[in-house]
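**Q** Fold the following, please.
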Amino acid sequence: MWFAHPGILEGTLTKQPFVCPMDHLFEIHTMLHGLSEEEFGPQIHFREYSFLQNPSVPKHVKESLLNVQLCDAHSKGCNISNETTSRGFIQFPRNSTEQMYMQVFSQYKDIKVLHFSSMANAFQGFSDEAREAKFRNRVKRYVGIWCCVENRDPGHIYYDMYWDEKPGWKPEPPRTKN
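**A** Here you go, the predicted structure:
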């Protein structure tokens with residue numbers, strides 16, 4: 001529903017947060033048409049959320065699975081072994097750096113699917129500042145606007161992928177159409 005409302009449709013039983021279609025947050029056409037790798041870094045490929053349930057996906061892809069359970073780096077049992085357990089499961093420290101991801105997951109380059117238990121606090125960042133800047137620049141272009149804020153012109157708020165990095169941040173619509 002693309003009209004002003006307070007975050008849920010008035011008179012409904014919808015509660016926040018709720019699952020919504022990807023195109024409510026992301027500009028899919030921007031993700032598909034790509035952006036310059038020179039300016040925005042490597043393209044980020046994506047699949048629909050139900051990809052692994054699609055009957056067209058070969059069985060060998062579905063069965064080539066490594067479950068990744070995030071854990072606290074200093075907690076007992078949060079260690080990374082050199083081999084996958086027979087259950088196809090590893091524990092991996094939260095807030096890991098790019099180097100840690102490369103070091104650990106290069107051992108599993110033949111695995112088709114990495115299934116993380118959660119992505120909350122999974123990644124601390126890139127070691128190369130230019131690479132991080134390109135990634136952030138790309139991701140900022142992938143998000144759209146939230147429509148609409150009542151009694152404001154323009155009544156849109158642009159999604160900010162990095163809102164949680166700004167203490168005290170409040171969603172404010174632009175002051176002018178520009």
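**Q** contacting residues for L66?
**A** T84, G88, F89, I90, Y108, I111, V113, L114, H115 (Cβ atoms under 8 Å, 6 or more residues apart in numbering). Glycine gets a C-beta too; all of them are placed from N, C-alpha and C.
**Q** Filter those residues down to the buried ones.
**A** Buried by 16 or more other Cβ atoms under 10 Å: G88, I90, Y108, out of the contacts of L66.
**Q** Give me the phi and psi angles of the closest residue to F123 other than its chain neighbours.
**A** Excluding the flanking residues, the one nearest F123 by Cβ to Cβ, 6 or more residues apart in numbering is S96, at 6.7 Å. Main-chain torsions, S96, degrees, to the nearest 10: phi -80, psi 150.
**Q** Repeat that for the one 5 residues further on.
**A** Recorded main-chain torsions at Y101 are phi -60, psi -50, according to degrees, to the nearest 10.
**Q** and it, what does it touch?
**A** F123.
**Q** And G88, by the same measure?
**A** Applying Cβ under 8 Å, 6+ apart, we find G88 in contact with L65, L66, N67.
**Q** Kindly provide the distance from it to L114.
**A** G88 sits 10 Å away from L114, going by Cβ to Cβ, to the nearest Å.
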